[in-house]
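# Predicted model, plus sequence, below.
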Amino acid sequence: MLELRDVAVTYRSASGDVPAVRGVSLGLAQGEALGLAGESGSGKSTLAMALLRLLPREAEVSGRILLDGEDVREMNWGRLRAVRWASASIVFQGAQHALNPVRRIGDQIAEPLLVHGMATPAQARRKAAELLERVGLPAWRARGYSHELSGGQRQRVMIAMALACSPRLIIADEPTTALDVMIQAQVLDLVRSLIVEDATSLIMISHDLSVLAAMCDRLAVMYAGRVVEAGPSREVFAAARHPYSRALAAAFPTVGDPESRLRPRGLGGDPPDPAHPPTGCSFHPRCPVAVPACAGADVELWPAGDRHTAACVHVRTGQAGPETAAVHDPLPEATP
Ligand code: ADP
Ligand code: MG
């Protein structure tokens, strides 16, 4: 249902261009859940916003973004508005703060149905009550206001809003990062069960590979604006072929560990400044298995299994180098 072909996004600014997303090609089937992983700044949100053309004016997008075969980049505003709620909807990180404090919750959930002419006011009210119950809140909450709810409850309201028009694709951008660990797990379970019930497609974004592996059929790992590995969740999490994916997999031994969010455990150094990515493989300065060739030319995604690709010279040359390392062995700290 969704196909990205060679998608690139560059932010133009006075202080120079920032190539935030570079040459991303990905596909998503109806009912499939894709996890998008990577440290902060790797381009995940930029890619998600490009899918629904939600980027600011200074962002220049190239490549093809096909939703049911139709290029999102070529849609007129009327078409795009219809697509934004009815075909695909997005739940942002910290979205709970986007609720309007002076409007009743039920009215806010009903709004997209009314705007898109999908229901009469009475039907929309009933549907809002139903949606609240689906996300685990009592229907009477529809008459209340957002300040009466906890952070987790507000995020449930945002999920109800995203579900209102029965979209075929939901994009959830770190929907639980602002919540505490217990609530995170509940909200993620909820999202998972809702998309399975409706056979909705899902793009779930997180820095936490273990969360994504538990929820998604497939994973794509981004580093410095590029997809460096993509494949079936179990393989990418438990038998990653790219050293960066391996570092991410080892970084989050416990689901939602807040400490490891700031710095993946065992991975030294910082992600590169996207305005000045290193030459060659962007990961080579932090890579524990880099060889001199890595600083030369960048590596394309290379077959690493069935519907599994990885952009690493060791995969390309088939050397028994990094693959033999135990999956969850902590990587050595990079020498400063
Ligand atoms: P992620 O969601 O993976 O944390 P983002 O997509 O938010 O990453 O950001 C990718 C890169 O693009 C970052 O380096 C960020 O600073 C940069 N960026 C994001 N928005 C803008 C903007 N409006 N102008 C310039 N650079 C931006
Ligand atoms: Mg983000």
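Okay, I see it. Everything quoted here is computed from the prediction, not taken from an experiment. Numbers count the residues shown, from 1 in each chain. Ligands and ions are numbered 1, 2, ... in the order given.

# any idea which helix or strand comes after the helix or strand of the chain with the lowest mean pLDDT?
Lowest mean confidence among the helices and strands of the chain (mean pLDDT, DSSP states H and E): helix 258-262, at a mean of 51. Moving toward the C-terminus from helix 258-262, the first helix or strand encountered (DSSP states H and E) is strand 302-305.

# That following strand - contacts with which helices or strands?
On a contact count with 3 or more C-beta pairs under 8 Å, 6 or more residues apart in numbering; DSSP states H and E, strand 302-305 meets strand 226-232, strand 308-310, helix 313-317. C-beta: built from backbone N, CA, C; applies to glycine.

# Provide a list of residue ranges in the protein with pLDDT below threshold.
94-96, 178, 252-266, 319-336 (pLDDT under 70).

# Looking at the stretch 51-200 of the chain, what residue ends up closest to ligand 1?
Of all residues in the stretch 51-200 of the chain, the one sitting closest to ligand 1 is Pro56 (5.2 Å; C-beta to the nearest ligand atom).

# number of nearby residues for the closest residue to that residue other than its chain neighbours?
Spatially, and ignoring its direct neighbours in sequence, Pro56 is nearest to Tyr11 (8.0 Å; C-beta to C-beta, 6 or more residues apart in numbering). Tyr11: 18 surrounding residues under other C-beta atoms under 10 Å.

# Okay, and the beta partners of Tyr11?
Val18, Ala59 (DSSP bridges).

# Tell me which residues touch it, please.
By C-beta atoms under 8 Å, 6 or more residues apart in numbering, the residues touching Tyr11 are 17-18, 20, 46, 56, 58-60.

# can I assume Leu34 sits in a helix?
No - counting by DSSP: H, G, I helix; E, B strand; the rest coil, Leu34 falls outside a helix, being strand.

# Okay, and the beta partners of it?
Ile203, Arg218.

# ok, now how distant is Ala238 from Leu169?
Separation of Ala238 from Leu169 (C-beta to C-beta, to the nearest Å): 27 Å.

# Looking at those two, which is more packed in?
Taking other C-beta under 10 Å, Ala238 and Leu169 do not tie; Leu169 has more neighbours (24 against 11).

# Was I right to think the more buried one contacts Leu202?
Yes - at 7.4 Å, Leu169 counts as touching Leu202 under the criterion of C-beta atoms under 8 Å.

# Is Pro56 located within a strand, as I assumed?
No - checked against three-state DSSP, Pro56 lies outside a strand; its state is coil.

# and it, how many neighbours does it have?
By the measure other C-beta under 10 Å, the count of residues near Pro56 is 7.

# same check, this time on Cys312
By other C-beta under 10 Å, 29 other residues sit near Cys312.

# State the distance from it to Pro272.
Counting by C-beta to C-beta, the separation of Cys312 from Pro272 is 17 Å.

# for Met118, same thing?
Look at Met118 and Pro272: by C-beta to C-beta, they are 45 Å apart.

# cool, Gly106 as well?
When distance is defined by C-beta to C-beta, Gly106 is 46 Å away from Pro272.

# swap in Gly136?
Per C-beta to C-beta, Gly136 is found 41 Å from Pro272.

# go on, Ala86?
According to C-beta to C-beta, Ala86 stands 39 Å off from Pro272.

# cool, Arg126 as well?
Taking C-beta to C-beta, one finds Arg126 at 51 Å from Pro272.

# Would you agree Ala88 is in contact with Ile171?
Yes - between Ala88 and Ile171 there is a contact under C-beta under 8 Å: 6.6 Å.

# between these two, what contacts are shared?
Counting by C-beta under 8 Å, 6+ apart, the shared contacts of Ala88 and Ile171 are 51-52.

# I appreciate the help and will end here.
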